[in-house]
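Asks: Sequence first, predicted model second:
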Amino acid sequence: MPWVIGVTLAAGVALMPTLVGRDRNRVLYTLWAPVYDALVGAAGFTGARRRSIDRLELRAGDRVLLVGAGTGLDLDLLPAGVEVTAIDVTPAMLERLARRAARAGRPVSAEIQDARRLAFPDVSFDAVVLHLILAVMPQPELGMKEAARVLRPGGRIAIFDKFLRAGEQPSRARRLLNLVTRALFSDISRRLEPLLAGTGLVVECDEPGAIGGAYRSVMLSKPLVGERSRPPIRKTL
Ligand SMILES: C[S@@+](CC[C@H](N)C(=O)[O-])C[C@H]1O[C@@H](n2cnc3c(N)ncnc32)[C@H](O)[C@@H]1O
């Protein structure tokens, strides 16, 4: 495993200037794929993932979209009977997801798609899961708009990711570190609030998710037609 990490680090830095957006992520996550579960599994996010998904209050028959689904670490946490669609730009990640789904005997529709341009009609899903994707993908504001578009009115979006707190200024050290983390796997200086502008989505819940609040767990809802925006139920950050 150390050599995979080494190659990925070197490739990330070397490829940074030549590859942009989706293609860079595809190359990087192809390299990360063999060790992704071991690394991210060790981060201890399972509890936070579970709480995030539980807030969606999914019921059998609900249509759920996993955006940037990766190797499918969220799959086991979804209740039985929901209809799961998973998209990602990296075939190596989705192949692992497909194997995990087959082992669990869970039918999943897995498709290579870019989160910035989803190939689904409007109002296709009852819930959307955005776990560890908004800080990774290029143009996350487009990913957020697409999630809102394909969600039905009254539907919910679960976000678990690392964001700066509202009003927080990134330190110089963080800005420097971000040059490296962005090249290798993820941006660490993004804000959630600008991504929500103009989407019409309502923040229902915003809580520290993991690592002392560096990761946030946010639930959004799409108002029913004619419903006025409500204030958040809880807003702790
Ligand atoms: C940090 S992983 C998160 C995977 C999974 N959601 C999880 O929680 O473990 C980020 C994933 O986003 C995918 N990705 C990056 N850019 C994307 C894009 N523009 N559209 C769809 N998926 C993308 C990567 O291939 C990778 O599988």
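Replies: Noted; the coordinates are in hand. These figures come from a predicted structure and were not determined experimentally.

Asks: Now for this structure: which helix has the highest residue count?
Replies: The residue-count maximum for a helix in the chain (DSSP state H) belongs to helix 21-42.

Asks: Quick check: residues of this structure near the ligand?
Replies: Residues of the chain lying close to the ligand by Cβ under 6 Å from any ligand atom are 22, 25, 29, 40, 68-70, 73-74, 87-90, 93, 114-116, 131-133, 136-137. Using the backbone N, CA and C atoms, a C-beta is placed for each residue, glycine as well.

Asks: among the residues you listed, which are in helices?
Replies: Arg22, Asn25, Tyr29, Val40, Met93.

Asks: residue in the protein nearest to the ligand?
Replies: Proximity of the chain to the ligand (Cβ to the nearest ligand atom) peaks at Gly70, 2.5 Å away.

Asks: Excluding chain neighbours, give the residue nearest to that residue in space.
Replies: Nearest residue to Gly70 in three dimensions, chain neighbours excluded: Met93, at 4.8 Å (Cβ to Cβ, 6 or more residues apart in numbering).

Asks: ok, now which ones touch that neighbour?
Replies: Tyr29, Thr30, Ala33, Tyr36, Ala69, Gly70, Thr71 (Cβ atoms under 8 Å, 6 or more residues apart in numbering).

Asks: And those residues, which is closest to Pro121?
Replies: Ala69 (19.5 Å; Cβ to Cβ).

Asks: Isn't that closest one up against Thr90?
Replies: No - counting by Cβ atoms under 8 Å, Ala69 stays clear of Thr90, with 9.8 Å between them.

Asks: if I look at the residue nearest to Gly70, how far off is Arg100?
Replies: Counting by Cβ to Cβ, to the nearest Å, the separation of Met93 from Arg100 is 11 Å.

Asks: And Pro194, by the same measure?
Replies: Distance from Pro194 to Arg100, by Cβ to Cβ: 34 Å.

Asks: more neighbours, the two?
Replies: Arg100 (17 against 11; other Cβ atoms under 10 Å).

Asks: Contact partners for that one?
Replies: The contact partners of Arg100, taken as Cβ under 8 Å, 6+ apart, are Thr71, Gly72, Leu75, Asp76.

Asks: pLDDT-wise, what's the bottom of those residues?
Replies: pLDDT across the contacts of Arg100 is lowest for Asp76, at 93.

Asks: What is the burial count for the nearest residue to that one once chain neighbours are set aside?
Replies: Spatial nearest neighbour of Asp76, excluding adjacent residues (Cβ to Cβ, 6+ apart): Ala104 at 6.5 Å. Residues lying near Ala104 (other Cβ under 10 Å) number 14.

Asks: Also Ile188?
Replies: Neighbours of Ile188 (other Cβ under 10 Å): 18.

Asks: My understanding was that Val218 contacts Glu193; is that so?
Replies: No - the pair Val218 / Glu193 is not scored as a contact, 10.2 Å apart, by Cβ under 8 Å.

Asks: how long is stretch 197-204 end to end?
Replies: For stretch 197-204, the separation between the terminal residues is 15 Å (Cα to Cα, to the nearest Å).

Asks: what mean pLDDT would you report for it?
Replies: So the average pLDDT for stretch 197-204 ends up being 95.
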